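>>> All I have is the shape, not the residue letters:
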């Protein structure tokens, strides 16, 4: 019986039981690799675009090549697997950025960044959706770590605990980065529009 992919706008999860998908992928099962790619590539691509990767589509292929090469070393469940893939993406992005002499101009639209959807439905989304192009430019003005926190939260849809794991930081540090990043966006939009933007508490 053919195995389908249960990927909806409100979910980044793999449809079949994760242990079955993982075992089949390790054995070279094409259907399993297709599920893994379909379930996670959109979030990875959105993250890479948001962080200004010079060629996000090419880097996406490189990320999943690394996933294929390293999958035997992975241990854990599905939530850990998603964080593991995004950890690889972040490392490859750092390597890619080291090769560039200057920062590229923003090219991704808000719709492109959020094209796979997100289950995050909090004040963060309200801030990010105030003005798509302006918000992307504003995020690019944040520190790299602040950019990572927002994009991993809002595009890759990771909870803060997983963001901390991907970034190799303490949860308290990630919460502080998120708070400062959102406060910065809130101040910027308030100053430009004259409308007060409430900054959410840590979640």
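Perfect, thanks for sending it. Note that this is a predicted model, so its numbers are computed, not measured.
>>> tell me the pLDDT at residue 43?
On the pLDDT scale, residue 43 is placed at 91.
>>> can you start the count at 54 instead of 1 from here on
Noted, 54 is the first residue going forward, which turns the last one into residue 96.
>>> Torsion angles phi and psi at the residue lying closest to it once chain neighbours are set aside?
What sits nearest to residue 96 in space, not counting adjacent residues and going by C-beta to C-beta, 6 or more residues apart in numbering, is residue 209, at 4.2 Å. Using the backbone N, CA and C atoms, a C-beta is placed for each residue, glycine as well. Main-chain dihedrals, residue 209, degrees, to the nearest 10: phi -80, psi -10.
>>> again, but for residue 210
phi 60, psi 40.
>>> So it sits against residue 96, correct?
Yes: at 6.4 Å, residue 210 and residue 96 qualify as touching, with contact defined as C-beta atoms under 8 Å.
>>> Look up phi and psi at residue 208.
phi -100, psi -50.
>>> tell me, which helix in the protein spans the most residues?
helix 224-246 (DSSP state H).
>>> name the helices or strands packed onto that helix?
Counting contacts by 3 or more C-beta pairs under 8 Å, 6 or more residues apart in numbering; DSSP states H and E, helix 224-246 is packed against helix 176-181, helix 185-193, helix 197-207, helix 213-220.
>>> most packed of these?
Sort those by mean neighbour count, taking mean count of other C-beta atoms under 10 Å, and helix 197-207 sits at the top with a mean of 22.
>>> Packing partners of that helix?
Helix 197-207 sits against helix 83-103, helix 176-181, helix 185-193, helix 213-220, helix 224-246, with contacts defined as 3+ C-beta pairs under 8 Å, 6+ apart.
>>> nearest to residue 140, of those helices?
Closest to residue 140 of the helices and strands packed on helix 197-207, according to C-beta to C-beta: helix 213-220, at 4.8 Å.
>>> Can you pull out the residues in contact with the closest one?
The contact list for helix 213-220 (C-beta atoms under 8 Å, 6 or more residues apart in numbering) reads 132-133, 135-136, 139-140, 143, 198, 201-202, 205-206, 211, 223-224, 226-228, 231, 255-256.
>>> could you flag which of those are buried?
135-136, 139-140, 143, 201-202, 205-206, 211, 227-228, 231 (16 or more other C-beta atoms under 10 Å).
>>> Just name the closest of those to residue 237, please.
Among those, residue 231 lies closest to residue 237 (C-beta to C-beta), at 10.7 Å.
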